[in-house]
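Undergrad: Show me how the following folds:
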Amino acid sequence: ENCRKMEEFVWSEPDILPILQNDVVLASLYVDDKEELPEDQKTKIDLGDGQIKKVKTIGDRWSLFQQVNFNNNSQPHYVLITPDGKVINTPVSGYMPKEDFKKFLECGVNYYKTIK
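TA: From the prediction side, this is the model:
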């Protein structure tokens, strides 16, 4: 899976790991988490055009969150946001070379430092 491949081969690189550890707050939302939600949090969402999405697991919740907020359902999907939820730069998806991921991270970190 591309998510695990990114974590194993890109995140662990010596010029990537310090950025993830020191410059960003990393939140991983796993769409494959099969843990059932409490009954009062299970729901059905009308996506339009007759499509009904059942939200029964934690993974369902995160998948819907990604779909609704970023109009994307691919994994991995990386989004850099400010603490108040503003998207910093263009999100990226899928496995990518280390240098591309590093540029993505540095672009977001540098932008955030300039607006702070």
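Undergrad: Contacts only, for the residue nearest to D15 when sequence neighbours are not counted.
TA: The shortest distance from D15 to any non-neighbouring residue, by C-beta to C-beta, 6 or more residues apart in numbering, is to K102 (6.3 Å). Yep, even glycine has a C-beta here, placed from its N, CA and C like the rest. Counting by C-beta atoms under 8 Å, 6 or more residues apart in numbering, K102 makes contact with 15-16, 19.
Undergrad: From the residues you listed, keep the buried residues only.
TA: For those, a burial check counting by 16 or more other C-beta atoms under 10 Å picks out 16, 19.
Undergrad: Turn the contacts of K102 into TSV, columns for secondary structure and pLDDT.
TA: TSV is the format used below for these (DSSP: H, G, I helix; E, B strand; the rest coil; pLDDT from 0 to 100):
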residue	secondary structure	pLDDT
D15	coil	97
I16	coil	97
I19	helix	97
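Undergrad: Kindly provide the distance from the residue nearest to D15 to Y95.
TA: K102 sits 14 Å away from Y95, going by C-beta to C-beta, to the nearest Å.
Undergrad: List the residues that contact L47.
TA: Residues in contact with L47 (C-beta under 8 Å, 6+ apart) are 53, 67.
Undergrad: That one: what secondary structure?
TA: Using DSSP: H, G, I helix; E, B strand; the rest coil, the secondary structure recorded for L47 is strand.
Undergrad: can you pull the buried residues of the longest helix seen in the chain?
TA: If you go by DSSP state H, the chain has its longest helix at helix 98-115. Neighbour-count burial for helix 98-115, counted by 16+ other C-beta under 10 Å, picks out 101-102, 104-105, 108-109, 112.
Undergrad: sorry, back to before: any chance of the contacts of K102 in TSV, plus distance to R61?
TA: Shown next, in TSV, are the contacts of K102 (distance: C-beta to C-beta, whole Å):
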residue	distance to R61
D15	34
I16	28
I19	28
